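> here's a sequence, model it:
(4 chains)
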Number of protein chains: 2
Amino acid sequence: MSPRTRTRAKRGEGERTRTAILDATERLLVRKGGMDAVSIRRIADDVGVTPPAIYLHFADKDGLFFEVCRRRFLEFTDLMKRASEDATDPADRVERLGRAYVAYGLERPEHYEVLFVHKVAATVDVGDTQDLPGMEAFQLLVDAVAEGVARGVFRPADPLLAATDLWAHVHGIVTLVLMLRELGEVFPTPQSAALIDQAMTRTLHGLLA
Amino acid sequence: MSPRTRTRAKRGEGERTRTAILDATERLLVRKGGMDAVSIRRIADDVGVTPPAIYLHFADKDGLFFEVCRRRFLEFTDLMKRASEDATDPADRVERLGRAYVAYGLERPEHYEVLFVHKVAATVDVGDTQDLPGMEAFQLLVDAVAEGVARGVFRPADPLLAATDLWAHVHGIVTLVLMLRELGEVFPTPQSAALIDQAMTRTLHGLLA
DNA sequence: GGCCATAACTTAGCGCTGTTAAGTTAACGA
DNA sequence: TCGTTAACTTAACAGCGCTAAGTTATGGCC
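Presented below is the predicted three-dimensional model:
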């Protein structure tokens, strides 16, 4: 909070600086407009350190953003878990997951872009599929669809395929609404609440047996 | 084709240079990876001109990309029109439009990103809604939905709202597949053909009365 | 207590970016 | 023939990500 008087981290305290860099990055990401507006130099300034010091803690800018990404995915996954737990049946679960997903994207557009638009996660090697940040959240949706199909309340379908389609749908809503927002009044953008209602109606009609 | 021996455009022939710049930009956009890989300096080099000369013909880089965008939208709109004309009834029309949209996005990812991911169009002032590039194509979808609702083959719905939802859906499929492609084999990405089939099935089940 | 390995960080700089101010060239109309 | 001006260049600014090399200071070890 007082970068001017920041004291050099002692031996073994490098993690403190690393955390400060991550915090500053997230702060700047939300404050300023998007990922491009956040520069290494600006982050370093905010932390109270020179730009090259960043590279002692992260391989490169993508590596830094990947870490931000990982931290945000923890929050996101938690949100999805709670939405899933609140559900009473598969259809309700799919709807709650969808609504929570769109709400997250529209309320935290900068975070959403880091997670799902910029291919940050793609640039860093991830060993196993399970290690992929966000995989746990996606599995919730796959399970919900599988349960619905198994119980016979959903039309027969490949759960993985159907879940990917549902993901694409809500992902499209988030990115489209965020894009149209910037067009202002030129495009007749519907209220996002009405749009998500429409999407959920169509989704359930499309899924239910 | 021979930038080395390029001769200065004569008076009133500035349009020729302008076109050459647009052509070079599109060429680089497809060849190299994405929008960031195309720089003013590189474009100028390809045209056989110095970087500042670009600014005689375009306000800035966004303005240049907006023009590329406008030219591409002509092609895109044409594609959508043909898809729409081939249709026999509203449901078929919606499906054909959706499939054509996804096919365009997956076959021309660089163009698609310029049109629908980067908010290039948003940065330039567009006077009227009708002048918005791509508006004509979107109207085709709105009309198809309106026709289906009017004929009673679709469930009652606000055509504008439903069309936006359908747009979001196919937009999500394109952007998601393009993103997952880069993740390689880490994420169990379905075949895009199977995914679009699934999406169309759900779409029609969701729309039909 | 003194030494030294090294974690933590800085200084200086490379090559790139978009963009601008100011100067130059050359073609056309009067 | 001359002046206007479209078309273009030269030089430069401020920013970017990133690196090589140098500095500081701290904790463990003899």
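> just for chain A, where's the confidence low?
A:1-5, A:14, A:120-131 (pLDDT under 70).
> which residues of it lie near DNA strand D?
A:8, A:10-12, A:38-42, A:51-52, A:55, A:60-62 (C-beta under 7 Å from any atom of the strand). C-beta: built from backbone N, CA, C; applies to glycine.
> are any of those buried, and which?
A:Val38, A:Ile40, A:Lys61, A:Asp62 (16 or more other C-beta atoms under 10 Å in any protein chain shown).
> which residue is the nearest non-sequential neighbour of the first one?
In space, and not counting its chain neighbours, A:Val38 is closest to A:Leu28: 4.5 Å by C-beta to C-beta, 6 or more residues apart in numbering or on different chains.
> the one you found in helix, strand or coil?
Taken by DSSP: H, G, I helix; E, B strand; the rest coil, the conformation at A:Leu28 corresponds to helix.
> restricted to helices, list the buried ones among the residues of chain A next to DNA strand D.
Secondary structure from DSSP state H places A:Ile40, A:Lys61, A:Asp62 of those in helices.
> closest to B:Gly172 among these?
Closest approach to B:Gly172 among those (C-beta to C-beta): A:Asp62, at 24.3 Å.
> how close does that closest one get to A:Arg72?
Distance of A:Asp62 to A:Arg72, given as C-beta to C-beta, to the nearest Å: 15 Å.
> ok, how many other residues are close to A:Cys89?
You called it Cys, but residue A:89 is Asp. By other C-beta atoms under 10 Å in any protein chain shown, 13 other residues sit near A:Asp89.
> and the strand or helix carrying A:Thr201 with helix B:192-207, angle?
Using DSSP states H and E, the element containing A:Thr201 is helix A:192-207. Angle, helix A:192-207 to helix B:192-207, by axes from the mean of the first three to the mean of the last three C-alpha atoms, to 10 degrees: 100 degrees.
> in helix A:192-207, which residues are buried?
Neighbour counts over helix A:192-207 (16+ other C-beta under 10 Å) mark A:Ser192, A:Leu195, A:Ile196, A:Gln198, A:Ala199, A:Met200, A:Thr201, A:Arg202, A:Thr203, A:Leu204, A:Gly206, A:Leu207 as buried.
> and what of stretch A:179-186?
A:Met179, A:Leu180, A:Leu183, A:Val186.
> before we move on, what about stretch A:93-108?
Neighbour counts using 16+ other C-beta under 10 Å place A:93-102, A:104-106, A:108 of stretch A:93-108 among the buried residues.
> which one of these is nearest chain B?
Chain B has its nearest neighbour among these in A:Val102, at 9.9 Å by C-beta to the nearest C-beta.
> and the strand or helix carrying the closest one, anywhere near chain B?
Counting by DSSP H and E, the element that carries A:Val102 is helix A:90-107. No: counting by C-beta under 8 Å from any C-beta of the partner chain, chain B has no neighbours in helix A:90-107; the shortest distance is 9.9 Å.
> need the contact partners of that helix.
A:76, A:79-80, A:82-84, A:86-87, A:111-112, A:116, A:140-141, A:144-145, A:147-148, A:151, A:153-154, A:166, A:169-171, A:173-175, A:177-178, A:192, A:196, A:199-200, A:203-204, A:207-208 (C-beta atoms under 8 Å, 6 or more residues apart in numbering or on different chains).
> change it to 7 Å
For helix A:90-107, contacts defined as C-beta atoms under 7 Å, 6 or more residues apart in numbering or on different chains pick out A:76, A:79-80, A:83-84, A:86-87, A:112, A:140-141, A:144-145, A:147-148, A:151, A:153-154, A:166, A:170, A:173-174, A:177, A:192, A:196, A:200, A:203-204, A:207-208.
> could you check how far stretch A:153-171 is from the centre of its chain?
Centroid displacement of stretch A:153-171 relative to its chain, using C-alpha atoms, centre = their mean, to the nearest Å, is 19 Å.
> now it: buried residues?
For stretch A:153-171, a neighbour-count test (16+ other C-beta under 10 Å) marks A:154, A:157-171 as buried.
> distance check, A:Gly89 against B:Ile54.
Let me fix one detail, which is that residue A:89 is Asp and not Gly. 59 Å.
> also near chain B: which of the contacts of helix A:90-107, exactly?
A:Ile173, A:Thr203, A:Leu207 (C-beta under 7 Å from any C-beta of the partner chain).
> how about the second one, what does it touch?
So the one you mean is A:Thr203. Contacts for A:Thr203 (C-beta under 7 Å, 6+ apart) come out as A:Val94, A:Gly98, A:Leu166, A:His169, B:Gly206.
> from those residues, which is closest to DNA strand D?
Within the contacts of A:Thr203, the smallest distance to DNA strand D is 33.4 Å, found for A:His169 (C-beta to the nearest atom of the strand).
> which helices and strands does the helix or strand hosting that closest one pack with?
Here A:His169 sits within helix A:159-183, counting by DSSP H and E. Packing contacts for helix A:159-183, counted by 3 or more C-beta pairs under 7 Å, 6 or more residues apart in numbering or on different chains; DSSP states H and E, involve helix A:90-107, helix A:109-116, helix A:135-151, helix A:192-207, helix B:159-183, helix B:192-207.
> so which of these is nearest A:Arg16?
Closest approach to A:Arg16 among the helices and strands packed on helix A:159-183 is made by helix A:109-116 (23.2 Å; C-beta to C-beta).
> quick one: that closest one to chain centroid distance?
Averaging C-alpha positions (C-alpha atoms, centre = their mean) puts helix A:109-116 5 Å from its chain's average.
> contact partners of it?
Residues outside helix A:109-116 that contact it (C-beta under 7 Å, 6+ apart) are A:29-30, A:34-35, A:65, A:68-69, A:72-73, A:76, A:104-105, A:120, A:134, A:171, A:174, A:178.
> residue in chain A nearest to chain B?
Going by C-beta to the nearest C-beta, chain B is nearest to A:Gly172 of chain A, at 2.3 Å.
> check the gap between that residue and B:Ala199 for me.
Distance, A:Gly172 to B:Ala199, using C-beta to C-beta: 10 Å.
> now do the shared contacts for these two.
Joint contacts of A:Gly172 and B:Ala199 (C-beta under 7 Å, 6+ apart) are B:His169.
> A:Ala199 touches A:His169, doesn't it?
Yes: A:Ala199 lies in contact with A:His169 (C-beta atoms under 7 Å); the separation is 6.3 Å.
> shared neighbours, the two?
Contact criterion C-beta under 7 Å, 6+ apart; residues shared by A:Ala199 and A:His169: B:Ala168.
> what about the helix holding A:His169, distance to the chain center?
12 Å.
> angle of it against helix A:90-107?
Here helix A:159-183 runs at an angle of 30 degrees relative to helix A:90-107 (the same axes, to 10 degrees).
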